[in-house]
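>>> sequence plus the predicted model coming up.
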Amino acid sequence: MELIAASRVVKAQQAARSAAPYTRELTKAVSALASAHDIDHPLLRAVEEPRRSAMLLITSDRGLAGAYSANAIKAAEQLHAKIIQEGQENVQYITGNKGVAYFEFRNRHIEQSWTGFSDRPTYAEAKEIADVLLERFLRPYEEGGVDQIHIVGTRFVSMMTQNPMAVRLLPLVVEDAPADYVDSAEETYPFYDFEPDAKTVLDTVLPLFVADRIHTALLQSAASELASRQSAMKSATDNAQELIEKLTRAENQARQAGITQEITEIVGGASALAESAGNE
Amino acid sequence: MDREPLHVEVVSADRVIWSGSAVNIIARTVEGDIGILPGHEPLLAVLEPSMVEIVTAEGTSESLMVDGGFISVAHGHVSVLAQYAELGKEVSLEEARMELAPLVQKAQQGQADDAEIHRLKMLKAQVRAGEKANGN
């Protein structure tokens, strides 16, 4: 299992890497839009006093991945406590069997869950989740809509380190693209022409951006899950190796002791016979 | 034309579909077809599910399909972004044609919903891009 996880984690990292250009271009476009216009869009509008939040928790489908799911759940619980403390309701969305099992065991309500793709998420699944979350966000509060949406997942730092993270997905915060996304020669954004108009372009780009954020979070979490599984399985293998060594030794010792005893008995028996024969 | 060729990247959600330099890009925005030559002014436009044609700097032509998305042009860089995109030569023509036929019929009878019309446009783009890539 260690080897399986090791080979899959490479694939998961590749998937995360090959999705990066899309994220980069999308971020550029959103930043360009933001700098070119005073934008006002439902997906960007922050409510001053949020009354209801939603949380998407990303966990694994299967166990044997060390503390991977437990850590993500712990981060989710912290965020949950904070949301409740602020006097808000929390609506829970989950991906991965482990998270579902945790909530079901505690009889807590799960709004919706998705399972079966935790170690190899595709864009289609991210899109499906994004559609559900976007619909929920855009619904008015009175009809069950939410004012904020958070994602809790795991960020892949390296093969050894994976950190749980909690970020706000919606309302979106538009930041300028990170410096390395923009060539230094073109620091200022040009004045773009929009077709058909800025609002329609925003309407198209922002939902894509949201789906991409979810896709990225899923990919990062998948890589983390596999790396975590690999190191968990590696230490399990190492432990087993040690145990095998110890037990083999104990077994050899017992066998040796048995043989020694048998020899002593035979020698003892033979000399006793010899003695009694000599006496006659 | 002395202008430097455009640097083009066609990117879908999970990978880079095509990248290279080109002298002409023809795409279909929601307002109509648009041709982009080197030196084009900065532009952000919403695309229809359609075929995108790229005339490369070497003079060959590449056709591919996009599932909507948008195109952005700035500083000689062109990026075509779509959730889903495919090169014409990757398209499975038979599958696309098979799925297309019943949808066309449905659309003619006016029974297709929005999702089906979107799918129809996508399939048409697939077939066009596929046929173009295969040279017929």
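In hand now; what should we look at? Residues are numbered from 1 along each chain as shown, chains lettered A, B, ... in the order given.
>>> scan chain A for its longest helix.
helix A:198-279 (DSSP state H).
>>> touching chain B at all, that one?
Yes: using Cβ under 8 Å from any Cβ of the partner chain, we find that helix A:198-279 touches chain B at A:200-201, A:204-205, A:208, A:211-212, A:215. Just so you know, the C-beta spots here come from the backbone N, C-alpha and C atoms, and that holds for glycine as well.
>>> what about the residue nearest in space to the middle of chain B, helix or strand, and which?
Nearest to the mean C-alpha position of chain B, by Cα atoms, centre = their mean, lies B:Val52 at 2.8 Å. For B:Val52, the host element (DSSP states H and E) is strand B:49-56.
>>> same question for A:Thr27.
Using DSSP H and E, A:Thr27 falls in helix A:2-36.
>>> can you report how many residues lie near B:Gln105?
Neighbour count of B:Gln105, defined by other Cβ atoms under 10 Å in any protein chain shown: 11.
>>> to clarify, my last question referred to A:Ala232.
By other Cβ under 10 Å, 19 other residues sit near A:Ala232.
>>> ok, it touching A:Leu64?
Yes: with contact defined as Cβ atoms under 8 Å, A:Ala232 counts as touching A:Leu64 (6.2 Å).
>>> related to what we said a few turns ago, what's the angle between the longest helix of chain A and helix A:2-36?
Per axes from the mean of the first three to the mean of the last three Cα atoms, to 10 degrees, the angle that helix A:198-279 makes with helix A:2-36 is 160 degrees.
>>> the helix ranked longest in chain B packs against which elements?
In chain B, with assignment by DSSP H, the single longest helix is helix B:114-133. Applying 3 or more Cβ pairs under 8 Å, 6 or more residues apart in numbering or on different chains; DSSP states H and E, one finds that helix B:114-133 contacts strand B:49-56, strand B:61-67, strand B:85-87, helix B:93-108.
>>> with respect to these, which exhibits the lowest mean confidence?
Comparing mean pLDDT over the helices and strands packed on helix B:114-133, the weakest stretch is helix B:93-108, at a mean of 83.
>>> tell me which residues in that helix are buried?
B:96, B:100, B:103 (16 or more other Cβ atoms under 10 Å in any protein chain shown).
>>> for A:Lys28, state which of these is nearest.
B:Ala96 (31.7 Å; Cβ to Cβ).
>>> now that closest one: closest residue in space, sequence neighbours ignored.
B:Gln126 (4.3 Å; Cβ to Cβ, 6 or more residues apart in numbering or on different chains).
>>> correct me, but that neighbour touches B:Leu64?
No: shown here, B:Gln126 and B:Leu64 do not form a contact pair, counting by Cβ under 8 Å, at 9.7 Å.
>>> can you give me the neighbour number for A:Ala101?
A:Ala101 has 14 neighbouring residues, counting by other Cβ under 10 Å.
>>> checking it next. Helix, strand or coil?
Recorded secondary structure, A:Ala101: helix (DSSP: H, G, I helix; E, B strand; the rest coil).
>>> that one and chain B: what is the separation?
According to Cβ to the nearest Cβ, to the nearest Å, A:Ala101 stands 29 Å off from chain B.
>>> let me see the confidence value for that residue.
As predicted, A:Ala101 sits at a pLDDT of 93.
>>> where does pLDDT dip in chain A?
For chain A, applying pLDDT under 70 flags the ranges A:36-39, A:174-190, A:280.
>>> what about chain B, any weak spots by pLDDT?
B:1-2, B:135-136.
>>> how about the residues of it by chain A?
B:9, B:11-16, B:29-31, B:34, B:41-46, B:68-70, B:72, B:74-75, B:79, B:81, B:83-84.
>>> restricted to buried residues, select these in PyMOL.
Buried members of the residues of chain B next to chain A, defined by 16+ other Cβ under 10 Å, are picked up in PyMOL with:
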select buried, chain B and resi 9+11+12+13+14+15+16+29+30+34+42+43+44+45+46+68+69+70+72+74+79+81+83+84
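>>> and for A:Phe251, the neighbour number?
Just to correct that, residue A:251 is Glu rather than Phe. If you count neighbours by other Cβ under 10 Å, A:Glu251 ends up with 10.
>>> tell me how far it lies from A:Gly258.
11 Å (Cβ to Cβ, to the nearest Å).
>>> go on, A:Asp61?
A:Asp61 sits 49 Å away from A:Gly258, going by Cβ to Cβ.
>>> neighbour count for the two, which is higher?
Set A:Asp61 next to A:Gly258 and count neighbours by other Cβ under 10 Å: A:Asp61 wins out with 18 against 10.
>>> let me know the secondary structure of the more buried one.
Under three-state DSSP, the three-state class of A:Asp61 is coil.
>>> what do you get for B:Ser19?
Relying on three-state DSSP, one would call B:Ser19 strand.
>>> and the longest helix of chain B, which residues are buried?
B:119-133.
>>> contacting residues around it?
For helix B:114-133, the surrounding residues in contact (Cβ atoms under 8 Å, 6 or more residues apart in numbering or on different chains) are B:48-51, B:53, B:61-68, B:86-89, B:91-93, B:96-97, B:99-100, B:103-104, B:106-107, B:112.
>>> from the chain's centroid, how far away is that helix?
Helix B:114-133 has its C-alpha centroid displaced from the chain centroid by 10 Å (Cα atoms, centre = their mean, to the nearest Å).
>>> next: stretch A:211-227.
Put simply, stretch A:211-227 sits 6 Å off its chain's centre (Cα atoms, centre = their mean).
>>> neighbours of residue 5, how many?
Going with chain A. A:Ala5 has 22 nearby residues by other Cβ under 10 Å.
>>> my bad, chain B
Quick note: B:Pro5 (other Cβ under 10 Å) scores 18 neighbours.
>>> surely it and B:Ala22 touch.
Yes: using Cβ under 8 Å, B:Pro5 is in contact with B:Ala22, at 6.0 Å.
>>> ok, for A:Glu125, nearest residue in space, not its chain neighbours?
The shortest distance from A:Glu125 to any non-neighbouring residue, by Cβ to Cβ, 6+ apart, is to A:Phe117 (5.2 Å).
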